[in-house]
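In: Structure for this input, please:
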Amino acid sequence: MADIKGQAEANLSSLQRIFTIPESSGATLAQIDAEISNNLDGFLSERIVASEKDLTEIEDAFSSPHIPDQPYYVSGYTDFILDHLVAQSVHTAAPGFIGHMTSALPYFMLPLSKIVTALNQNLVKVETSKAFTPLERQVLGMLHGLIYGFDDGFYQTWMHNHTHAMGAFCSGGTVANITALWAARNHALGEEAVARQGLHGAMQAKGLKGLVILVSRRGHYSLAKAVDLLGIGRDNLIAIDTDSHYRVDVDAMRDKALTLQADGFGILSIVGLAGATETGSVDDLSSLAALSNELGCHFHVDAAWGGATLFSDTHRHRLKGIEQADSVTIDAHKQFYVPMGAGMVLFKDPQRLSAIEHHAEYIIRKGSKDLGSHTLEGSRPGMALLVHAGLNIIGRKGYELLIDQGMDKIRYFAELIKCHQDFELVVEPELNILGYRFAPDWLQQGLQQASSQRTQQVNRCLDQITRLIQKAQRADGQTFVSRTRVDVDLYDKQVITVFRVVLANPLTTRDVLAGVLDEQLELAQHADIQALLAEAKALLAS
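Out: Model (predicted):
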């Protein structure tokens, strides 16, 4: 931290000032606050550098393990952060940043985030949150209504019921998925049995060899964390193959589940995907719901990404069957345009969360409306305010417009790729995610005639090309797409590397999308990529 200028001296007077009196309007931090408030896009565009800096070079500024003995002035620290942190952050709000599930934020989220920070409410307990608790319960009710659509009487009964909760706020989809499966496990085995005997004892009492969870091969990696933490075991997270559209093969899942049941395993849960992270695919949720009923197990839907599609009257049919799920994960910090740290899990039956209920004498006492009794996390900030703000300021119709424009843009981009002779669309969009790669027309035609062995060799060359273009595009800092690996029916299920695009940012235009392809074509002229193309041509000719 040697780059921080202006070291001060710790005393009670100066410490009291930083808790009570902000710096003058001319101070660095105050100026930054004004810049962000008055022109967020300008602040981000000017303060974040476009060119990529090597991570090891950035690490130099954060290499000291020593806590400073004496404090630094706020202005000096702010300058340090501007130079070494802000400048080297990722401009996730940029219209050309279309590679991950982050986007621009509505301007009102910033001042409201200040309110969340200033009030510093802790949602674990009514005593530390008061009005935030009923607000959070209302948000959970709103989202429950979006998914399940019960009548008003149901919500009047359950929304503010002091002994139950319709769901849980959490830091993101990972904790939401863990919470859903935790509740499912305790409900299946008996809360008291698991709590007192442990997982092994509870399964023995049920005469089970073990518990299994079945999900598509496209399931999120958080599910592996969940089975690890819940003692179920990663070997018992059963991945099922998908069809050509990356939707789980329901018949194969049924066959596998019946085989496992016959072998003495309990089917804890079927997990359906409503917007797979890599492909945007949506499983046949209605068929999975029927299978769950047939097996007598919990049906969970991971809709962390795709759940917001329910706002759209045009596209909500793509999630048909989600209303039959026992639990659903949704991330507000994705397509609800809320800052990071706002995930939710909703339960069809508000009594289901009782299976994980915990109490303590000094906090979350029995009979209170404390939300902490039904959450995995303890202390939590009032992120529900920001979700509440979005639901009221953007509204259902506003979210519908945002979802629809994202779907329109992804289909436009898909057609742009299909019509371009030098690109190949690999993952057709189901929601607003697609996958494609740079592959000149002559190469695509050659692959159609090539043997299986030659196809694999050429695809390995293309994998390297995709990686090189993606890394160069990221380093250039003008536009950004991510990359992933998917199996492709056209190439006999060979796993290949593709560019991954996510279109949710309302600031992304058609011109920006055309510019992404133009930049990739320019990057493809680099000598190392041309050498790989020559290698691929030689392979096809041999």
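
In: Which strand or helix spans V301?
Out: strand 298-302 (DSSP states H and E).

In: Give me the contacts around that strand.
Out: For strand 298-302, contacts defined as Cβ atoms under 8 Å, 6 or more residues apart in numbering pick out 173, 177, 180-181, 184, 187-188, 219-220, 223, 268-274, 285, 288-289, 292-293, 322, 324-329. Every C-beta, even on glycine, is put in place using the N, C-alpha and C of the backbone.

In: quick one: the next helix-or-strand element following it to strand 298-302, angle?
Out: Downstream of strand 298-302, the next assigned helix or strand under DSSP H and E is strand 327-331. Per axes from the mean of the first three to the mean of the last three Cα atoms, to 10 degrees, the angle that strand 327-331 makes with strand 298-302 is 10 degrees.

In: Could you number the chain from 369 rather than 1 from now on?
Out: Let's use 369 as the start, then, which means that last one is strand 695-699.

In: For strand 695-699, name the packing helices and strands.
Out: helix 500-516, helix 541-557, strand 666-670, strand 711-715 (3 or more Cβ pairs under 8 Å, 6 or more residues apart in numbering; DSSP states H and E).

In: Dump the C-alpha coordinates for the second one into CSV.
Out: Provided in CSV are the C-alpha atoms of helix 541-557 (Å, rounded to 0.1, in the frame of the first residue of the first chain):
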residue,chain,number,x,y,z
GLY,A,541,-28.2,-18.7,-6.9
THR,A,542,-25.7,-21.0,-5.2
VAL,A,543,-27.1,-20.4,-1.7
ALA,A,544,-30.6,-20.5,-3.1
ASN,A,545,-30.0,-24.0,-4.7
ILE,A,546,-28.4,-25.2,-1.5
THR,A,547,-31.4,-24.0,0.6
ALA,A,548,-33.9,-25.7,-1.7
LEU,A,549,-32.1,-29.0,-1.5
TRP,A,550,-31.5,-28.7,2.2
ALA,A,551,-35.2,-28.2,2.8
ALA,A,552,-35.9,-31.1,0.5
ARG,A,553,-33.5,-33.4,2.3
ASN,A,554,-34.9,-32.6,5.8
HIS,A,555,-38.4,-32.9,4.6
ALA,A,556,-37.7,-36.3,3.0
LEU,A,557,-35.8,-37.8,6.0
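
In: angle of it against strand 695-699?
Out: 170 degrees.

In: quick one: helix 541-557 to strand 711-715, angle?
Out: 20 degrees.

In: and helix 541-557, how far out from the chain's middle?
Out: 18 Å (Cα atoms, centre = their mean, to the nearest Å).

In: For whichever helix or strand comes after that helix, what is the distance to the chain centroid?
Out: Note on helix 541-557: by DSSP H and E, the next helix or strand toward the C-terminus is helix 559-574. On the basis of Cα atoms, centre = their mean, helix 559-574 sits 33 Å off its chain's mean C-alpha point.

In: about what we covered before: I'd like to know which of the helices and strands packed on strand 695-699 lies nearest to L582.
Out: strand 666-670 (10.7 Å; Cβ to Cβ).

In: chain center to the closest one: distance?
Out: That offset, for strand 666-670, works out to 17 Å (Cα atoms, centre = their mean).

In: before we move on, the earlier item: please convert the helices and strands packed on strand 695-699 to TSV, extending it with mean neighbour count.
Out: Compiled in TSV, the helices and strands packed on strand 695-699 are given as follows (neighbours: other Cβ atoms under 10 Å):
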stretch	mean neighbour count
helix 500-516	21
helix 541-557	24
strand 666-670	29
strand 711-715	28
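
In: Distance to V583 and mean pLDDT added to those, as a markdown table?
Out: Listed next are these as a markdown table, based on distance: least, Cβ to Cβ, whole Å; pLDDT from 0 to 100:
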| stretch | distance to V583 | mean pLDDT |
| --- | --- | --- |
| helix 500-516 | 19 | 96 |
| helix 541-557 | 10 | 96 |
| strand 666-670 | 8 | 98 |
| strand 711-715 | 16 | 97 |
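
In: Looking at Y730 now. What's its pLDDT?
Out: In this model, Y730 is scored at 42, pLDDT.

In: cool, and A418?
Out: 61.

In: Check G689 too.
Out: So, for G689, pLDDT stands at 98.

In: Verify the stated contact: it with D652.
Out: Yes. Counting by Cβ atoms under 8 Å, D652 is a contact partner of G689 at 7.2 Å.

In: still on that earlier bit, can you state the direction angle for the strand holding V669 and helix 500-516?
Out: 100 degrees.

In: quick one on the thing from earlier: for Q375, which of the helices and strands packed on strand 695-699 is the nearest?
Out: Of the helices and strands packed on strand 695-699, the one closest to Q375 (Cβ to Cβ) turns out to be helix 500-516, at 38.5 Å.

In: tell me how far the closest one is from the chain's mean position?
Out: 20 Å.

In: ok, now stretch 857-873?
Out: 18 Å.

In: pull the CA atoms of that stretch into PDB?
Out: Extracted in PDB, the C-alpha atoms of stretch 857-873 (Å, rounded to 0.1, in the frame of the first residue of the first chain):
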ATOM      1  CA  ASP A 857     -24.700 -33.200 -32.600                       C
ATOM      2  CA  LEU A 858     -23.400 -32.100 -36.000                       C
ATOM      3  CA  TYR A 859     -20.000 -33.300 -35.000                       C
ATOM      4  CA  ASP A 860     -21.000 -36.600 -33.300                       C
ATOM      5  CA  LYS A 861     -21.300 -35.000 -29.900                       C
ATOM      6  CA  GLN A 862     -17.600 -33.800 -30.000                       C
ATOM      7  CA  VAL A 863     -17.100 -31.100 -27.400                       C
ATOM      8  CA  ILE A 864     -15.900 -27.800 -29.000                       C
ATOM      9  CA  THR A 865     -15.100 -24.300 -27.800                       C
ATOM     10  CA  VAL A 866     -17.500 -21.500 -28.700                       C
ATOM     11  CA  PHE A 867     -18.000 -17.900 -28.100                       C
ATOM     12  CA  ARG A 868     -20.900 -17.400 -25.600                       C
ATOM     13  CA  VAL A 869     -23.100 -14.300 -25.800                       C
ATOM     14  CA  VAL A 870     -25.700 -13.100 -23.300                       C
ATOM     15  CA  LEU A 871     -28.000 -10.300 -24.400                       C
ATOM     16  CA  ALA A 872     -29.800  -8.600 -21.500                       C
ATOM     17  CA  ASN A 873     -28.200  -5.100 -21.500                       C
END
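
In: Give me the residue ranges of this structure where confidence is low.
Out: Counting by pLDDT under 70, the chain contains low-confidence ranges at 369-370, 418-419, 726-737.

In: contact partners of the host helix or strand of Y804?
Out: Assigned by DSSP H and E, Y804 belongs to strand 801-806. With contacts defined as Cβ under 8 Å, 6+ apart, strand 801-806 is touched by 643, 646-648, 673, 778, 781-782, 785, 790-796, 830, 833-834, 837, 852, 854, 864-871, 888-889, 892.

In: mind listing which of those residues are in helices?
Out: Counting by DSSP state H, the part of those found in helices is I778, F781, A782, I785, L830, I833, T834, I837, Q888, L889.

In: ok now the host helix or strand of V580, how far from the chain's centre?
Out: Following DSSP H and E, one finds V580 within strand 578-584. Mean-position distance between strand 578-584 and its chain equals 22 Å (Cα atoms, centre = their mean).
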